Each structure stands twice: as structure tokens, then as C-alpha cells.
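**Student:** no FASTA, just this:
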Ligand code: GLN
């Protein structure tokens, strides 16, 4: 079997009866068996469920029924997304034995579209991290570059697709966790607008920022998965009723004449000069494609990391209060209620999660709420205003996804601030609620992938996909 399959490739192979969905599933499990011990991308495999679904798809093929868009497509799901009957740990000891009784809406929609869910992918604990080194189940390795991190927090979802252990995957992005691992592993990865994809069944980190989105080997497949998971869900009141456009059609539109904004603030200190060169070459490629490139200003960009770590930790401290040893997850007995709480949370959470709970509780506390949390919300509004202003002048914004390529395992683990700075270019769009994608933009020294980030206006996923697809087709990955 070929090493990499696209969604279209799977569709054609099934329709022409060259390969059955069950054969696809067994082939992918063989690949996982061969490479996962080294990569640690999957935490749990859901063979029973996958083969039952594959059998269903094969029955449709045999009966000559029209196949749904993801029929037989092997897909991986980040372990913060609930899957009925399949262990979901959030990369944490506190949920080590948790088996959700229901599916997240995104998972349910994928399966309804014929997808075969292979298993659950490793991630930073509760999606807190930029390197996948905060997982209680060990780090994931970058399949592209030995000895380096795959990025985080959706490192397992990115690595699984990049290594050919899934055709596509779902990740989540709160401050960069889809786009940054996409860039580190050299594959396209999309964060939809806030409200575009239902969060029902996504185990919460920071509810006003969390989003589910796809990784794939090409932009067309990203568009196909987006098409399936997007749209209103009565179970998530923040999901929008705005109609879902035909993303695959949008992605194929020509980009000539589109105005691209390049914000000066995204090219400052701390950026690897080699990354800069690649991004500049990427911008030049857009010029060649007939886009108009304009320099723009986004003056509040510098505050984004600070604001993000106030708001995200505040929300996390509240969301993670539910792991109290009573409702679900780990419980360590103690001789009083308080000692049971202490022991459970002390043993169940890792260092980074604890750091954030402490920080978040602090910024929400009576004496500091106004100085930190409230101020943070005000600056968040200014950052969103930067985006609104920009979109009165340009159709999309292009930036680097990350200031640096994939770093070495262990290189930043002792320095949380350095780790937080990995998200300097991604957290802005998270705070503003806009959609963003990372697309491959060449490799440094021919081996370290660089990602180019494209932001669009709220619910402008079509525009983002259009620019990403044109970039990919024009050879952006080989710059
Ligand atoms: N790296 C950022 C953090 O640690 C973003 C994580 C995410 O997007 N889930 O919070």
C-alpha cells in the first residue's frame, strides 16, 4: 500500500473496490504498531469501533450505495475529545481510567460521514503546552526530525498524520495547539473561528478560546474535514447558526487580486532569521500569484502572550475545579474531605497544570481580579479590534506560525516563559476568535519544517482555505 493516502485517494480506492475499508483499517493499525512505540503519538486504539465502522462502509460499497465524504477514511482524535467507550485521558493521570459515556459532536459527525476512528492521540496535559512534553504519558517525537518535539499541545495528532499513521486527525487549539504542531511537523492544520465547530464533548481547558480543528496532509483534506465538523449544534450554545459554506469549492477559487496584510509586529526580536527568510519567500509567492501585499500595523500584538496567560489560566482554574475525586477520575482517599481533595489533585495533576491553576486562581482572586483578569479582558478587546481594523483594509493576514522551528526534546522544559513564547504569533488570533491555518512553507536546511500562518476574518474559513490551497499548489512547501 502507498505510504500516504489522501481522502480522495481513499474514496477512489474504495469506490473502485481496489481496497476495502477493513483493509485500510488493518493497514493503518499495522503502521501504528510499527511506528508508535518510537513516536508515542497514540495513547489508545479503538480497534473494535474502527472495524465495526469499516464493516459498515464495506457493506455500503457492496450494496452500491453512494458513499459519504469520509467513508473508510482512517482518522485520529486528540485525547481531550470525548469518545464513547474509548478511554479519554487528556494526557493526565487524573483521567487515567476515564471512559466517556458519549461522543463529542465532532467525532459523532465524522463517524456519520463514514470516518473510521483509529484511536486517541497524545497531547500535553489538558492541552497545556507547546511541545507535548507535558503529557503524563511521555512526550511525542517529531516524525520529520529525530530528537525534536512535534509541537503541542496537539503533538500526537500532528505526528500521527505526518508519519502516515492516520489520513487526517482532530486537534484542539486554545492558543496555537493546532497551528504550531502543524508547522513543526510540516502539514497543514486549521483552527476554525470560535463558534464554527461545536465544543460539545471537548474537555474544557479555557472555554472562551478552545476550538476543535483538523490536521491533514493537504489543504483540500483540511477543507473536507472542516465541512463535516462545522455547523450549529444544539448541545453547544456558543456554536453559530451561520450557514456552512462549501469549503472545498471555496478552497479552489483563484487568489489573484486578494489583499494580504503583513503585520510588522510579527517579525520582531526572537524570530529565527531562517524562519524569516522562508516567510518572506512565502509572501513573495503570494505576490507572484497576483495578490496585493500590504504592510499593516497591529499595535496590541505585544500584549497577547501576557493577556492569554491571564485569561487562559483563569478559565482553566475554574474548569479544572471539577476534578475533585468525587465526580469522576482519580480519587485518593484521605482522612478528611480536604485531604482527599489535596491528595487527589496533588497526585493527579502534573506540574504545568498546577502552575496554571495557581496562576488562574490568583488572577481571579478578590484583590487582583480588577488588576489582572479585568484588565486582561480589556486588552483582549483591543487585540480583537486590531484584527477588525486590519480586515477593513485587507482580505487576510499572513505571518509566521512560530518564531522558531521544532526545538529539541528537553530544550525548553525548564523555562516556562520560553515555552510560552512559542505561541507568540498564534495566541493573538485565539484571543480575537478569528480562523487561522498553518501551511508548510519550506524547510530550514532541508529538514526543519516552517509554517506560514494565514488569518481570516471571523467565519472567513473559506478565504483562509483558498489562500492556503493556492499556496500549496504553487509549491509553498518546497520554498
Ligand atoms: N501552548 C499554549 C498553552 O500552553 C496553547 C495551548 C493550546 O492551544 N491548547 O496554553
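**Tutor:** That came in fine, so what should we check first? On a predicted model such as this, the values are computed, not experimentally measured, just so you know.
**Student:** which residues touch residue 457?
**Tutor:** 387, 391, 434, 463 (C-beta atoms under 8 Å, 6 or more residues apart in numbering). Any C-beta I mention is one placed from the backbone N, CA and C, and that applies to glycine too.
**Student:** what about it, distance to residue 432?
**Tutor:** Relative to residue 432, residue 457 is positioned 10 Å away (C-beta to C-beta, to the nearest Å).
**Student:** need the residues touching each of these two.
**Tutor:** residue 387.
**Student:** phi, psi for residue 463 please.
**Tutor:** With angles defined as degrees, to the nearest 10, residue 463 sits at phi -60, psi -40.
**Student:** and the residue positioned nearest the centre of the chain, how far from the ligand?
**Tutor:** Among the residues of the chain, the smallest C-alpha distance to the mean C-alpha position (C-alpha atoms, centre = their mean) belongs to residue 178, namely 2.3 Å. Residue 178 sits at a distance of 7 Å from the ligand (criterion: C-beta to the nearest ligand atom, to the nearest Å).
**Student:** OK, contacts around that residue?
**Tutor:** Counting by C-beta under 8 Å, 6+ apart, residue 178 has contacts 154, 157, 171, 172, 189, 190, 191, 211, 213, 214, 215, 438.
**Student:** just residue 83 next, same as before
**Tutor:** Per C-beta under 8 Å, 6+ apart, neighbours of residue 83: 46, 49, 77, 100, 103, 104, 107, 117, 120.
**Student:** cool, and residue 376?
**Tutor:** 306, 307, 310, 311, 314, 363.
**Student:** can we see that at 6 Å?
**Tutor:** Contacts for residue 376 (C-beta atoms under 6 Å, 6 or more residues apart in numbering) come out as 307, 310, 311.
**Student:** what of residue 404?
**Tutor:** Residue 404 touches residue 272, counting by C-beta under 6 Å, 6+ apart.
**Student:** ranking the contacts of residue 457 by neighbours, who comes first?
**Tutor:** Counting neighbours by other C-beta atoms under 10 Å, the top entry in those is residue 434, with 27 neighbours.
**Student:** what about the ligand: which of the contacts of residue 178 touch it?
**Tutor:** Contacts with the ligand within those, counted by C-beta under 6 Å from any ligand atom: none were found.
**Student:** out of those residues, which comes closest to the ligand?
**Tutor:** The ligand lies nearest to residue 172 out of the contacts of residue 178, by C-beta to the nearest ligand atom, at 6.1 Å.
**Student:** out of the contacts of residue 376, list just those in helices.
**Tutor:** 307, 310, 311 (DSSP state H).
**Student:** quick check: residues of this structure near the ligand?
**Tutor:** Going by C-beta under 6 Å from any ligand atom, the residues of the chain near the ligand are 127-130, 153, 173-177, 205, 312, 423.
**Student:** using TSV, lay out those residues together with pLDDT, distance to residue 36 and secondary structure.
**Tutor:** TSV is the format used below for the residues of the chain next to the ligand (pLDDT from 0 to 100; distance: C-beta to C-beta, whole Å; DSSP: H, G, I helix; E, B strand; the rest coil):
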residue	pLDDT	distance to residue 36	secondary structure
127	98	21	helix
128	98	23	coil
129	97	20	coil
130	97	22	coil
153	98	19	coil
173	98	24	strand
174	98	26	coil
175	98	27	coil
176	98	25	coil
177	98	21	coil
205	98	25	coil
312	98	30	helix
423	92	27	coil
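**Student:** give me the buried entries from these.
**Tutor:** With burial judged by 16 or more other C-beta atoms under 10 Å, the buried subset of the residues of the chain next to the ligand is 127-130, 153, 173-177, 205, 312, 423.
**Student:** which one of the contacts of residue 457 sits closest to the ligand?
**Tutor:** Nearest member of the contacts of residue 457 to the ligand, counting by C-beta to the nearest ligand atom, is residue 434, at 14.6 Å.
**Student:** I'd say that closest one and residue 453 touch.
**Tutor:** No - with contact defined as C-beta atoms under 6 Å, residue 434 does not reach residue 453; the gap is 11.1 Å.
**Student:** now do the contacts for whatever residue of the stretch 251-400 of the chain ends up closest to the ligand.
**Tutor:** Across the stretch 251-400 of the chain, no residue is closer to the ligand than residue 312, which sits at 5.5 Å (C-beta to the nearest ligand atom). Residues counted as contacts of residue 312 (C-beta under 6 Å, 6+ apart) are residue 206.
**Student:** so how far is residue 474 from residue 255?
**Tutor:** Residue 255 is 9 Å from residue 474, by C-beta to C-beta.
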